[in-house]
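Chemist: Need coordinates for the following:
(one chain, ligands or ions: 1)
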Amino acid sequence: MKNLIDIKRLKKEEITAIINRAAEFKAASQDPARGEINYTSGISDFARLGERLYRANSCSNKTACLMFFENSTRTKCSFAIAAQKLGMNIIDFNVQTSSLSKGETLKDTLDNLYYMGVNTVILRHSEDDMTERMSKEVKFPMAFINAGDGKSAHPTQALLDYMTMLEKLGTVEGKKIVIAGDVSHSRVAKSNLALLSKMGANVHFFAPEYFTPKNKEEFNVIWEDDYNTAITDADVVMLLRIQTERLSGAETEKAKHYSEKYCLTTERLEKYAPNAILMHPGPVNRDIEVSSELLDSPKGKTILEQARNGVYVRMAVLENAAG
Ligand code: ASP
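Modeler: Okay, the predicted model is just below:
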C-alpha cells in the first residue's frame, strides 16, 4: 500500500514518475469532445495506448472511499473520475449522515470500511496531519491519500500544478514562480513550495501582513514585500484563495480590503509580468484575487487546465496506492 501524505516525503524521481504516468493517462484519454485527440479511423493509436494502460494496471475490484470533511469540487470530483477511469469502485462517504454523528470515531469507521472491502481512503480534513494520524492508527493495509488537510498540505494539488507548469514551460528549473495571497492559511502554498523548490524553481511568496505566517522565517522561500515587485518578470503567478473559513474575526475585517490593493487585473499583469502563466487552485473569488476580465480572458484558461490535469495526476496517484 502506498500512502501519499505529504510532498516533502516524495523523492524527485517519485514526483517525476507520477507526472510521467499522468501524462501517459492524459495521452491515452479518449476525449474527442474536447478536441484533444485527432481520431483518424477505427481504433486510434491513442485508443490502443489507452487499452494497454488500462489493462496493464487494472485497479478494478479495488474500492476507494472519498471521505471529505471539508467542501470540495475539483479535488473530490477529479478523484471520483480518476477512480472510475481506472475501473475502481468508489464510495462517496457522507460525513454528515454517517455514524460519526452517533459518536463513532474516525478510526473505528475506517476499520469497518476496511472489513467491507475499502482499500484506499481519500481523506480531506480541516485538521492538520489528520491523514497521517489515521494512516498510523489504522493497522489494516489500507492506502491513505491526503486530499488536503488543514493549513498544512495538499499534495495532489501541487502535483497537478507542477504538471501544468511543465506543459507550459518545459521545466521549472530556474523559473520565477510567485505564489501570492493568503499564504498563512493555504495548504496549497506549502505543498507547492515543497515540490517546486525540490525541482529547482525559484519560489517567491507575497502576502499582505495579515496573511503572512508568524513563522515566516522558517519557510525556505523568497519573501516579497511589494506585490508589483513580486510579480515582476515572473514565469508563473499563482494566486491563492482567501480562506474565509479559516480566518479569525480580525483577519476577516482586514481581508475586506484585500481586493482594493491586490486584485490581479489584466492591466497589472500586462505591466509587470506579461509573459507569466496565471494559475489558481480554485475556487476563485472573482474580483477579489483576480478580476473577472482577466479570469475570462485566454490567460484564465490555465486554471481550467489545472483542473483537468487533476484527473490524470490523481489516476497516477490512485494507481500507486491501489493498483
Ligand atoms: N481547493 C484548494 C484547497 O482545498 C484551494 C482552496 O480551497 O482555496 O486547499
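Chemist: Could you give the number of residues near the residue in the stretch 101-250 of the chain that the ligand sits nearest to?
Modeler: Using C-beta to the nearest ligand atom, the single residue of the stretch 101-250 of the chain nearest to the ligand is Arg241, 3.4 Å away. Heads up, the C-betas are built off the backbone N, CA and C, glycines and all. When neighbours are counted by other C-beta atoms under 10 Å, Arg241 registers 18.
Chemist: ok, it - contacts?
Modeler: When contacts are counted by C-beta atoms under 8 Å, 6 or more residues apart in numbering, Arg241 touches Gly181, Asp182, Ser186, His280, Pro281, Gly282, Pro283, Val284, Asn285, Glu289.
Chemist: what are the phi and psi values for the most centrally placed residue in the chain?
Modeler: Relative to the mean C-alpha position of the chain, the nearest C-alpha, by C-alpha atoms, centre = their mean, is the one of Gln157, at 1.2 Å. Comment: the main-chain dihedrals of Gln157 come out as phi -70, psi -40, following degrees, to the nearest 10.
Chemist: when you give positions from now on, start the count at 894
Modeler: Fine by me, first position is 894 from now on; the one you just mentioned is Gln1050.
Chemist: Can you verify my assumption that it contacts Ala1082?
Modeler: No: because the distance of 10.0 Å does not satisfy C-beta atoms under 8 Å, Gln1050 is recorded as not touching Ala1082.
Chemist: How about Thr1002, nearest residue that isn't a chain neighbour?
Modeler: When the adjacent residues along the chain are set aside, Thr1002 lies closest to Leu993, with 6.1 Å between them (C-beta to C-beta, 6 or more residues apart in numbering).
Chemist: Report the secondary structure state of that neighbour.
Modeler: The three-state label given to Leu993 by DSSP: H, G, I helix; E, B strand; the rest coil is helix.
Chemist: how near is it to the ligand?
Modeler: With distances defined as C-beta to the nearest ligand atom, to the nearest Å, the gap from Leu993 to the ligand amounts to 21 Å.
Chemist: What is the burial count for that residue?
Modeler: Neighbour count for Leu993, taken as other C-beta under 10 Å: 17.
Chemist: which ones are touching the residue nearest to the centre of the chain?
Modeler: Each residue near Gln1050 by C-beta under 8 Å, 6+ apart is listed here: Thr968, Gly1041, Arg1080, Val1081, Ser1084, Asn1085, Pro1174, Gly1203.
Chemist: Mind pulling up the pLDDT for the last one?
Modeler: Right, the one you point to is Gly1203. According to the model's per-residue confidence, Gly1203 sits at a pLDDT of 98.
Chemist: Near it, how many other residues are there?
Modeler: Residue neighbour count, defined by other C-beta under 10 Å, stands at 27 for Gly1203.
Chemist: Excluding covalently adjacent residues, which one is nearest to it?
Modeler: The spatially closest residue to Gly1203, leaving aside those adjacent along the chain, is Ser971, at 4.0 Å (C-beta to C-beta, 6+ apart).
Chemist: Check for me that that neighbour belongs to a helix.
Modeler: Yes: counting by three-state DSSP, Ser971 is part of a helix.
Chemist: Could you report the separation of Ile912 from Met1092?
Modeler: In this structure, Ile912 lies at 10 Å from Met1092, with C-beta to C-beta, to the nearest Å as the measure.
Chemist: what residues are shared contacts of the two?
Modeler: With C-beta under 8 Å, 6+ apart, Ile912 and Met1092 have common neighbours Tyr1055.
Chemist: Pick out whichever of those two has more residues nearby.
Modeler: Applying other C-beta under 10 Å to Ile912 and Met1092 shows that Ile912 carries more neighbours, namely 21 against 18.
Chemist: what's the closest residue to the more buried one other than its chain neighbours in contact with, if anything?
Modeler: Taking C-beta to C-beta, 6+ apart, and ignoring the residues beside it in sequence, Ile912 has Met1056 as its nearest neighbour in space, at 5.2 Å. With contacts defined as C-beta under 8 Å, 6+ apart, Met1056 is in contact with Ile912, Ala915, Ala916, Asn1202, Tyr1205, Val1206.
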